[in-house]
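Enquirer: Kindly generate the corresponding structure for this input.
(one chain, ligands or ions: 1)
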Amino acid sequence: MDAIWSFPVQFFDLRLFPWGSITETSVATSVLATLALGLSAVLLSTILWSWYFQNCCRDPHSSLPLPPGSFGWPLIGETLHYVRGGVTEYLKKRRKYGTLYKTHMLGSPTVRIESDKRVAELLSKELSGGGASSCALPTSARFAFGDTSVAVVTGAQHASLKRNLNKAFTPARLRDYLPSVQDCVHRHVASWIQGHTENQMLGFQACKKLVGDLILETVVGCTREQDPEGKVKEAFFTCNDSLFCIPLDIPGLAFNKAKKARHVVVDFVKTRLNASNSSGKDFVTILDVLLSHQRERGAEVPYCNENAALDGHLSDTQVIDNAVTLLIAGADTVTSAFCSVLKLLGKHPEKLALLRKELESQDLLSSDQANDLSLELVQSLPYVRAVVKEVLRLLPPVGGLLRLTTRTVELEDYHIPGNWRLVYSVRGVHSETDAFTDKDKFLPERWLDLNIEHCGLGLLCFDSFLSISIVVVVVVVVVVVVVVVVEVVVVVVVVVAVVLVVAAAVERLKTEFPCAYVPFGVGGRTCLGKELGFLETCVFVIEVARLADWTLLNPDASRLFLPIEKPVDDLPVVLRKRK
Ligand code: HEM
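Expert: The predicted model follows:
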């Protein structure tokens, strides 16, 4: 007992209780009293914290209640719960509160939405200008992207800038980038299996290096020749890794390092910008395309000018910020997708066999020559595309889509006040929706069914276009046949009936599950690089399937979800040349 109390007695005796000699009992009482006081203070502040948000933050004009849920501890809210608990915490919340609940994370009152129907409900508010959303990125990410980045600007400026930037992702431009995409992927995968009978590596780290080269080459044309010491690449990884950090600009801390690293990347982009400008070469990189839409040189538009890009041109600053944004946004996401391809095909050799069968039927399996893929060829490989869709469904790289309410949003049963953060949970939506059966299983075949094809928006434009084209052709053929054999009145009746039935069918397919598949996001903020990201992942699937065999050393490792989806042990894997 003496030993236990000796340190506290000395401590309190000397520092805290200088008014006289004390006994062990009184020290114990004091410690207990202090603890009790502390606990009461925490309890009281937690109650006040919760009461404040429950009563003072709700919109008095709305008769609807706030969603269920809790705000956690004062100031930190429930952030630590989610960091520590990960998926278990989300599942616990979903069980307790359902698919829409309030919480407090990353410094803001937040509502998490985990069902496709709820996302659709909020999206309809967003599209009709109902105050549903604005950009909700944390400070560190906004800084990394830059003030004139498409990921940061809002409203009309965002819509116009996005229209401009979209010109860098048309099928014609994807065709331009494809040779260097395939070249880079092929080079890396070949190096994974070269010179060894068996080569052990960390799948995630290897994919990260691959995608680092890939994105630097396709966005700004940064090749090994231009960056021989790898300084730009290293700076780019630093920016990337510090995307979500505490925004304190103190030497040694992540934010400060990211700031310096951003300068290195920006300087490189500026050099490329000048070089591209003088050479006037073809569209080989995304930067070339951005430059072609740039405002006249010298007519710099100041930061955050609301009218910037509205006239169809980009300022120097916009070109730089958006080139940096594309580098960052297209890196971790694609790395995660590639790593998940290795993981899921490694766990399901029977699906890999089916995939190789498709490649063989197109004479792609035996070929090891680079640059033999065309956009049309990739689009004509349904199983390859189905594998990519299924990978992104089961292990979506981005777990949550961030939004900020600009004013109060009223749903059917709850209201969400203005300036609250919304998180549309991609994983939650994919696992809650009724659009899929056997949701936990890796079943690429599900995507070969055309009805399911329509569950997603955006990503599936090629197939949607194809199926709508088929419908149009069928209608035309029916009309022609009927015109030839029957009278005009009957023709009109038949045409109207066919059009109505087809329109209803297409509408049903389009609207039944409009938000059931959202790996690339939803609404106005959908991923700008979704076609490129999808194409890159298809190319990776093809190259890795035809070049390598691999074994996962820890196929059931637990997963991390923040900032992106990845196995906790970086996916140790043994690779060898395909037999
Ligand atoms: C498999 C690969 C990819 C996935 C899964 C993915 C996913 C996403 C997601 C979920 C969002 C947020 C959407 C929302 O909030 O609704 C996003 C935004 C964005 N992504 Fe991607 N992405 C991928 C590849 C790329 C690539 C390759 C690029 C560019 C080279 C890119 C550029 C962007 C940009 C600029 C935004 C912000 C768009 C805006 O705010 O309007 N992404 N992406």
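Enquirer: Validate this expectation: Thr325 resides in a strand.
Expert: No. Counting by DSSP: H, G, I helix; E, B strand; the rest coil, Thr325 falls outside a strand, being helix.
Enquirer: is it true that it touches Asp147?
Expert: No. Between Thr325 and Asp147 there is no contact under Cβ atoms under 8 Å: 11.0 Å. In short, each C-beta sits where N, CA and C put it, glycine included.
Enquirer: so what pLDDT did Ala323 get?
Expert: With respect to pLDDT, Ala323 has a value of 92.
Enquirer: whoops, I mixed them up, Met201
Expert: Value for Met201, per-residue pLDDT: 95.
Enquirer: Tell me which residues touch the residue in the stretch 101-250 of the chain that the ligand sits nearest to, please.
Expert: The ligand sits closest to Ala151 of the stretch 101-250 of the chain, with a gap of 4.2 Å, by Cβ to the nearest ligand atom. Contact analysis of Ala151 by Cβ atoms under 8 Å, 6 or more residues apart in numbering lists 135, 137, 141, 145, 325, 329.
Enquirer: Thr325 and Asp147: which has the busier surroundings?
Expert: Neighbours of Thr325 and Asp147, each counted by other Cβ atoms under 10 Å, are more numerous for Thr325; the result is 23 against 14.
Enquirer: okay if I get the contacts of Ala151 as a markdown table plus secondary structure and distance to Tyr517?
Expert: Output for the contacts of Ala151, formatted as a markdown table (DSSP: H, G, I helix; E, B strand; the rest coil; distance: Cβ to Cβ, whole Å):
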| residue | secondary structure | distance to Tyr517 |
| --- | --- | --- |
| Cys135 | coil | 23 |
| Leu137 | coil | 23 |
| Ala141 | helix | 25 |
| Phe145 | helix | 26 |
| Thr325 | helix | 24 |
| Ala329 | helix | 20 |
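Enquirer: filter the residues you listed by proximity to the ligand?
Expert: Among these, the ones lying near the ligand by Cβ under 6 Å from any ligand atom are 325, 329.
Enquirer: Looking at the contacts of Ala151, spot the one nearest Val498.
Expert: Ala329 (43.7 Å; Cβ to Cβ).
Enquirer: What is the burial count for that closest one?
Expert: Ala329: 26 neighbours (other Cβ under 10 Å).
Enquirer: Can you pull up the most central residue in this structure?
Expert: Nearest to the mean C-alpha position of the chain, by Cα atoms, centre = their mean, lies Val398 at 3.3 Å.
Enquirer: Would you confirm that that residue contacts Arg427?
Expert: No. At 9.4 Å, Val398 does not count as touching Arg427 under the criterion of Cβ under 8 Å.
Enquirer: could you say which helix or strand contains Ala190?
Expert: helix 171-193 (DSSP states H and E).
Enquirer: Which other helices and strands does that helix contact?
Expert: strand 199-202, helix 203-220, helix 286-292, helix 375-379, helix 530-547, strand 548-552, strand 572-577 (3 or more Cβ pairs under 8 Å, 6 or more residues apart in numbering; DSSP states H and E).
Enquirer: so what's the residue nearest to Leu553 when sequence neighbours are not counted up against?
Expert: Spatial nearest neighbour of Leu553, excluding adjacent residues (Cβ to Cβ, 6 or more residues apart in numbering): Pro572 at 4.1 Å. Neighbouring residues of Pro572 by Cβ under 8 Å, 6+ apart: 200-203, 552-554.
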